[in-house]
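Undergrad: Sharing a model that was predicted from the sequence below.
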Amino acid sequence: EVQLVESGGGLVQTGGSLRLSCVGSGFTFDDYTIGWFRQAPGKEREGVSCISSADAVTNYADSVKGRFTISSDNAKNTVYLQMNSLKPEDTAVYYCHYEGLGSYGQFEVWGQGTLVTVSS
């Protein structure tokens with residue numbers, strides 16, 4: 001079964017840090033763009049950061065620049081999101097999304113999400 005599984009969410013105080021992980025199973029990361037998205041209660045899902053395998057380019061939403069860092073470990077089929085200096089407005093369910101090659105060609109898949117709660 002092809003799936004992405006996020007982990008690493010939890011409750012943290014303002015100013016704290018968390019590292020989210022997104023592990024792919026049932027396929028191997030290949031020629032991909034992987035993004036982290038988040039959805040806060042009552043709000044639409046928004047893009048947070050993404051990384052592309054072709055040139056290792058990374059992008060960040062303005063709201064997280066300088067605080068979040070995305071990275072990948074292809075050997076572990078895993079993408080990380082290091083989140084520092086967390087703020088209450090970072091509270092959301094965080095999802096990872098893979099778009100890239102699989103055994104049968106191009107495909108995309110979403111993870112189930114991991115909850116991040118930042119207390120003030």
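TA: Yep, it's here. Note that the structure is predicted; figures quoted are calculated from it, not measured.
Undergrad: For the protein, which segments count as helices?
TA: Ranges of helices within the chain: none, based on DSSP state H.
Undergrad: remind me, longest strand of it?
TA: strand 92-102 (DSSP state E).
Undergrad: Which positions in that one come out as buried?
TA: Ala92, Val93, Tyr94, Tyr95, Cys96, His97, Tyr98, Gly100, Leu101, Gly102 (16 or more other C-beta atoms under 10 Å). Placement of C-beta: from N, CA and C, glycine included.
Undergrad: OK, contacts around the second one?
TA: Spelled out, that is Val93. Gly9, Arg38, Gln39, Ala40, Gly113, Thr114, Leu115, Val116 (C-beta atoms under 8 Å, 6 or more residues apart in numbering).
Undergrad: spatially speaking, which residue is in the middle of this structure?
TA: Trp36 (3.0 Å; C-alpha atoms, centre = their mean).
Undergrad: got a list of what the residue lying closest to Cys22 once chain neighbours are set aside touches?
TA: Spatial nearest neighbour of Cys22, excluding adjacent residues (C-beta to C-beta, 6 or more residues apart in numbering): Cys96 at 3.5 Å. Counting by C-beta under 8 Å, 6+ apart, Cys96 touches Leu4, Glu6, Leu20, Cys22, Ile34, Gly35, Trp36, Phe37, Val79, Leu81, Trp110, Gly111.
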